[in-house]
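Student: sequence below, structure please.
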Amino acid sequence: MQTWTSDEQLFELIKAELYTPVVGDILDVKGRYHQFLPQPVQPLKEQMVVVGRAMPVLMIDVFGEQKKPFGLLTEALDQLRPGEVYIASGGEMRCAYWGELLTATAKKRGAAGAIINGFHRDTPMVLEQNWPVFSRGRFAQDSSVRTQVADYRCRIEVGGVWINPGDLVFADLDGVLIIPQELEEEVITQALEKVRGEKVVRREIENGMSSTEAFQKYGIL
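Tutor: Numbering: from 1, shown residues only. Next comes the predicted model:
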């Protein structure tokens, strides 16, 4: 049964009680086997967690100086809404897709974080803003003559995972997970049940119960 009445309550509940592996397990049970973004997409710092609504951004490669440098990048940033997650992907990742000023803009607009299927730069200046960014790593090469934003608030695909505007995004040290909006209520409800059950099982194991006994009794491992 749903116990939240707003996105704000949902996001706080996820941050307080859940972690991506248990939510991914529930999606597996529902036959959604490909909801994690590729493993190289990692947080800049281990403690970073992102929960919010997807705002997908499509990147494309360009070659040399452009009539409109960066494409629709500033437009995409300036219309970010509170609680949204900037998710960028596309092109051959020949340069950084994220940096210091993009972080400042997104943070100021109340966005929940950035998930970049590509590289970031300005690492010390991004980190000092204490705002969650996930990427494939650091690379200083500039984007202005190599890539641009072609579209935003559009459907994108990252490593076999389809991402629609408004999908629930949950990212932590173990991965970046996309929860389709139409499944989120039952997935989060069942994940909460599972994680609370796992705490019981852990106590039983710590008190001497074998893993086999625990699985036979609770069906959780």
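Student: mind showing which ranges of the protein have poor pLDDT?
Tutor: When residues are selected by pLDDT under 70, those of the chain lie in 214, 220-221.
Student: quick one, strands of it?
Tutor: Secondary structure of the chain (DSSP state E): strands located at 42-43, 50-61, 84-89, 96-98, 113-116, 119-120, 133-135, 147-152, 156-158, 161-163, 168-172, 175-179.
Student: ok, which stretches of this structure are helices?
Tutor: 7-17, 20-29, 73-78, 100-108, 123-127, 184-206, 211-218 (DSSP state H).
Student: name the helices or strands packed onto the longest one?
Tutor: Looking back up the chat, that one is helix 184-206. helix 7-17, helix 20-29, helix 211-218 (3 or more C-beta pairs under 8 Å, 6 or more residues apart in numbering; DSSP states H and E). In this view, the C-beta of every residue, glycine as well, is placed from N, C-alpha and C.
Student: same question, the fifth one
Tutor: Taking 3+ C-beta pairs under 8 Å, 6+ apart as contact, the helices and strands that helix 123-127 lies on are helix 100-108.
Student: which parts of the helix it packs on are buried?
Tutor: 100, 102, 103, 105, 106, 107 (16 or more other C-beta atoms under 10 Å).
Student: how about JSON lines for the residues you listed, with distance to residue 37 added?
Tutor: Below are these laid out as JSON lines (distance: C-beta to C-beta, whole Å):
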{"residue": "100", "distance to residue 37": "23"}
{"residue": "102", "distance to residue 37": "19"}
{"residue": "103", "distance to residue 37": "19"}
{"residue": "105", "distance to residue 37": "23"}
{"residue": "106", "distance to residue 37": "18"}
{"residue": "107", "distance to residue 37": "22"}
